[in-house]
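Engineer: Sequence and predicted structure, then a few things I'm wondering about:
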Amino acid sequence: MRRIVIEDKDEKKLLEELNKRSDVKAERVKRMLALPDLTKKENSPVKIVNDKILSLPVWADFDVVEIPKIVTVEDDFDLLNTPKEHPSRQESDTYYLDQTHILRTQMTVMWPYYFRDEEVLERLKRDGEVGSLSPGIVWRKDEIDRHHFPAFHQTDFLYVCRKDKRIITLKDLQDIQADAIRAIFGDIEFRFLVDTFPFTDPSTQAEINWNGNWIEITGAGLVHPNCLKNFGLDPEVYNGYAGTFGLDRVAMIKMEIPDIRILWSNDERITSQFRDINSKLKEVSKFPATIRDISFIINKDVSLNNYYEIVRDYADNLIEEVKLLDEYENEEKFGKGKKSYTFRIVYRSSERTLTNEEINKIQTEIRTKTEKELGALLR
């Protein structure tokens, strides 16, 4: 495997400008960038799963590509054939530094970086094929529960070749996905379903039967002709396949990790348990939960992800879940375009018992910020 590190000369300047700012949006972005990339952290379940995927024989001649964490909207969305109205482009879903720069939302953004590399293009021209893998941390604003976190990890794979060398079929791709599933999970039932991605067509997802539940493990497809055109490659001459593994989800399933926050723990009682792909988590201790409810009225067009971001501002990793208990509209009572929400916040640390005093302080800060930032009427 070749390792290719692609740097962006603008990233350093963008970080310098970011560090001069103290507004809410900038502080959230800085907090996200301070998180470690767990694909590089020893004894991390995420790195263990990623290393297993990278060791598959099918990738032996692939490049391993490292790209910037701050990318352009053009690279992350436009060149990957993402429609202008796609919800992932909204600021309620994506961390924006400014109008044109974001924290990468997917490792698929590796594609434009890869095909701007002159040595890669020369190899494609000479050999008729190139392949790449790109593992790393990505960011998307999300709900708060034991299975979601605004930073997570993916390993993307991409292969492009001349059609006179090989015509790639969906079956070829599904065989690769099947080999990866067997390498990680052993003899397990799995199936393929039709899926839709902007950058592949046709597209498929692979699901495994885990304890009676079907769970998606990897999404993939044949490289969309529009993407090939965007990278200066003629779709009449070239074809390819691509896909993504969600490393956090795979690690949680395989190693029986019930809470995604455990992946980020530095508690040696937890981290020492992860040695290889067959490691299983043994719960160190189940610390008690503390529950607080909050009700408020806001404009109904406000994304709830904005509220989840406020909660994360003050509670960090101390929250197990933010559950929507109730929502309703009453124009006569609340006013036109208004909506009432009631949330239950479950506080629990995986490392210690929380005190009522610290939780009450956090809850007060969340209430104050919700009122101020969302224009909420607290109930």
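Structural biologist: Perfect, I can see it now.

Engineer: what are the ranges of the strands in the stretch 151-300 of the chain?
Structural biologist: Remark: strands assigned in the stretch 151-300 of the chain by DSSP state E, counting those that start in this stretch are 151-162, 190-197, 200-210, 213-223, 238-246, 290-299.

Engineer: what's the closest of these to Glu91?
Structural biologist: With CB to CB as the criterion, Glu91 lies closest to strand 290-299 of these, at 15.6 Å. (Each C-beta comes from the backbone N, C-alpha and C, glycine too.)

Engineer: After that closest one, which helix or strand is next? Please name it.
Structural biologist: Next in sequence after strand 290-299, counting helices and strands by DSSP states H and E, comes helix 304-315.

Engineer: Just the C-alpha atoms of that following helix, please, in PDB.
Structural biologist: Only the C-alpha atoms of helix 304-315 are listed here, as PDB (Å, rounded to 0.1, in the frame of the first residue of the first chain):
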ATOM      1  CA  LEU A 304     -34.100  20.300  16.500                       C
ATOM      2  CA  ASN A 305     -30.500  19.700  15.700                       C
ATOM      3  CA  ASN A 306     -30.000  23.300  16.800                       C
ATOM      4  CA  TYR A 307     -31.300  22.300  20.300                       C
ATOM      5  CA  TYR A 308     -29.100  19.200  20.400                       C
ATOM      6  CA  GLU A 309     -26.100  21.500  19.700                       C
ATOM      7  CA  ILE A 310     -27.000  23.700  22.700                       C
ATOM      8  CA  VAL A 311     -27.100  20.600  24.900                       C
ATOM      9  CA  ARG A 312     -23.700  19.500  23.700                       C
ATOM     10  CA  ASP A 313     -22.300  22.900  24.400                       C
ATOM     11  CA  TYR A 314     -22.800  22.500  28.100                       C
ATOM     12  CA  ALA A 315     -23.100  18.800  28.800                       C
END
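
Engineer: Save the strands of the stretch 151-300 of the chain as CSV, and put in mean neighbour count too.
Structural biologist: Shown next, in CSV, are those (neighbours: other CB atoms under 10 Å):
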stretch, mean neighbour count
strand 151-162, 23
strand 190-197, 15
strand 200-210, 19
strand 213-223, 19
strand 238-246, 23
strand 290-299, 17
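
Engineer: export those to JSON lines and tack on mean pLDDT and distance to Val346?
Structural biologist: Shown next, in JSON lines, are those (pLDDT from 0 to 100; distance: least, CB to CB, whole Å):
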{"stretch": "strand 151-162", "mean pLDDT": "98", "distance to Val346": "20"}
{"stretch": "strand 190-197", "mean pLDDT": "95", "distance to Val346": "32"}
{"stretch": "strand 200-210", "mean pLDDT": "96", "distance to Val346": "24"}
{"stretch": "strand 213-223", "mean pLDDT": "96", "distance to Val346": "22"}
{"stretch": "strand 238-246", "mean pLDDT": "97", "distance to Val346": "24"}
{"stretch": "strand 290-299", "mean pLDDT": "96", "distance to Val346": "6"}
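
Engineer: Any idea which of those strands gets closest to Asp8?
Structural biologist: Checking these against Asp8 by CB to CB gives strand 151-162 as the closest, at 17.8 Å.

Engineer: quick one: the strands in the stretch 1-150 of the chain?
Structural biologist: 2-5, 63-66, 70-72, 101-103, 129-139.

Engineer: which of the residues in the first one are buried?
Structural biologist: I take that to be strand 2-5. Within strand 2-5, the residues that qualify as buried are Ile4, counting by 16 or more other CB atoms under 10 Å.

Engineer: That strand - contacts with which helices or strands?
Structural biologist: strand 63-66 (3 or more CB pairs under 8 Å, 6 or more residues apart in numbering; DSSP states H and E).

Engineer: Before I go, just wanted to say thanks for your time.
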